[in-house]
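**Student:** Generate a structure from the sequence data that follows.
(one chain, ligands or ions: 2)
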Amino acid sequence: MSSEEALGSALSHWLSFNSWWLLLPFIMLLVVAAFIVAFVLLLYMISPLISPKPLKLNGAHVVVTGGSSGIGKCIAMECYKHGAFITLVARDEHKLVQAKKEVEKCAINDKQVVLCISVDVSKDYNQVESVIKQAQEKLGPVDMLVNCAGTSISGKFEEVEVERFKKMMEVNYLGSVYPTRAVITTMKERRMGRIMFVSSQAGQIGLFGYTAYSPSKFALRGLAEALQMEMKPYNIYVTVAYPPDTDTPGFAEENKTKPLETKLISETAGVCQPEQVAKIVVKDAVQGNFTSSFGPDGYMLSALTCGMSPVTSITEGLQQIVTMGLFRTIALFYLGSFDSIVRRCMIQREHSKAADKRE
Ligand SMILES: NC(=O)C1=CN([C@@H]2O[C@H](COP(=O)(O)OP(=O)(O)OC[C@H]3O[C@@H](n4cnc5c(N)ncnc54)[C@H](OP(=O)(O)O)[C@@H]3O)[C@@H](O)[C@H]2O)C=CC1
Ligand SMILES: CCCCCCCCCCCCCCCC(=O)[C@@H](N)CO
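**Tutor:** Numbering: from 1, shown residues only. Ligands and ions are numbered 1, 2, ... in the order given. From the prediction side, this is the model:
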């Protein structure tokens, strides 16, 4: 027998039924181990995707800062329509009383109450804490806090007064930190709650004219992400809303001094009605979704800027994975068109300046 034949017969002997049979338990063990590893990995992957239980608005206590006007007022009305008890927080008492009347018209039962609190959310933390305490004594622990008090300033960077940068951070950012800080301990003790931050599409992209406003809205996203990671084990869910331009008294005020560039760029995403915005943000907060966006542009912006923000459903995660590259491609065209708006406005201005000089 040649050495090749000897090897062949040895191999065929080795691979005979008997020796396979001996290997079978090991193979089975391997397969089972592989299945266990795959299963654990899968569980690990989907664990952050498991959706929370929706909050029951009926009978819940909802505090809405900025609840006397615009988006905040509509959010209060939307929650009232679902049977919630409401605390409206804002500075101007007259506007608060007017808003209270409007919210009360949305009642669905005669037990519902609207409470008004006049306070500046951006100034003194102790004051904010004490009014929240009063509200909790009257209407019970806060189930949902909506941080909607805010204001905007637009203008060219060098033309915005320096103090305005500070004011934006105080009202839009600290004005959301203080009320949140005042309700969070009780929420943690009760192991339930919802916190909503009303940012803006200008909190997802920095736009011409919003050098003071955008950073204060970006800041909310950072706060929300960090807070959500801390609060998840306590069953508290954080939502950040990114509305486009919305038809409110605040928007009308902003338009009086808005640079043309800012107007033209913002028009891309259109103007929403506050009632529509309120419906969507309330639904997202109730479901515990981290991100709340509006319309096709809003959807694309949120998928594109998801970064390391938490996911709240398997579909949301999958959509982000699949659409990222496509949306970035679309975004490049948008950015190109924004740049061209800015360039054309500059040329136009220089032309009219030169014409003025000649006259
Ligand atoms: N309208 C829009 O186009 C968009 C708005 N947003 C954001 O939505 C939020 C609401 O906007 P909108 O409805 O247009 O605004 P409005 O100006 O219509 O309403 C603002 C509300 O916030 C209150 N508020 C303002 N400053 C303070 C303060 N320091 N302390 C307590 N309450 C305060 C106001 O009451 P008072 O003045 O009496 O205190 C009012 O109730 C803002 O944060 C805004 O940035 C986001 C995207 C688009
Ligand atoms: C795939 C990529 C899609 C990109 C879409 C880009 C759309 C940009 C529109 C930005 C609008 C900003 C509105 C700010 C509203 C606001 O906060 C103030 N009105 C507050 O008063």
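**Student:** Do a quick rundown of the strands in the chain.
**Tutor:** Using DSSP state E, the strands found in the chain span residues 61-65, 85-90, 114-118, 144-147, 193-198, 236-242, 245-246, 271-272, 291-293.
**Student:** packing partners for the last one?
**Tutor:** Right, the one you point to is strand 291-293. The contact analysis (3 or more Cβ pairs under 8 Å, 6 or more residues apart in numbering; DSSP states H and E) places strand 291-293 against strand 236-242, helix 274-287, helix 295-304. Backbone N, C-alpha and C define where each C-beta goes, glycine included.
**Student:** make it 6 Å
**Tutor:** Here strand 291-293 is seen to pack against strand 236-242, helix 295-304 when contacts are counted using 3 or more Cβ pairs under 6 Å, 6 or more residues apart in numbering; DSSP states H and E.
**Student:** Which one, of the ones you listed, ends up nearest to ligand 1?
**Tutor:** Ligand 1 sits nearest to strand 236-242 of all the helices and strands packed on strand 291-293, at 7.5 Å, using Cβ to the nearest ligand atom.
**Student:** How about the residues of the stretch 51-200 of the chain by ligand 1?
**Tutor:** Neighbours of ligand 1 within the stretch 51-200 of the chain, by Cβ under 6 Å from any ligand atom: 65-66, 68-72, 90-92, 95, 120-122, 148-152, 171-172, 175, 198, 200.
**Student:** ok, now with 8 Å
**Tutor:** Counting by Cβ under 8 Å from any ligand atom, the positions of the stretch 51-200 of the chain adjacent to ligand 1 are 65-73, 88-92, 95-96, 99, 118-123, 147-152, 170-172, 175, 198-200.
**Student:** can the strands of the chain go into JSON lines with extra columns for mean neighbour count?
**Tutor:** Shown next, in JSON lines, are the strands of the chain (neighbours: other Cβ atoms under 10 Å):
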{"stretch": "strand 61-65", "mean neighbour count": "27"}
{"stretch": "strand 85-90", "mean neighbour count": "26"}
{"stretch": "strand 114-118", "mean neighbour count": "19"}
{"stretch": "strand 144-147", "mean neighbour count": "28"}
{"stretch": "strand 193-198", "mean neighbour count": "26"}
{"stretch": "strand 236-242", "mean neighbour count": "26"}
{"stretch": "strand 245-246", "mean neighbour count": "20"}
{"stretch": "strand 271-272", "mean neighbour count": "16"}
{"stretch": "strand 291-293", "mean neighbour count": "25"}
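**Student:** before we move on, back to that, let me have the helices and strands packed on strand 291-293 in CSV, adding distance to Gln127 and mean pLDDT as columns.
**Tutor:** Below are those laid out as CSV (distance: least, Cβ to Cβ, whole Å; pLDDT from 0 to 100):
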stretch, distance to Gln127, mean pLDDT
strand 236-242, 24, 98
helix 295-304, 34, 96
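**Student:** Report the separation between the closest residue to ligand 2 within the stretch 51-200 of the chain and Val177.
**Tutor:** Using Cβ to the nearest ligand atom, Ser200 is the residue of the stretch 51-200 of the chain that sits closest to ligand 2, at 3.2 Å. Distance, Ser200 to Val177, by Cβ to Cβ, to the nearest Å: 17 Å.
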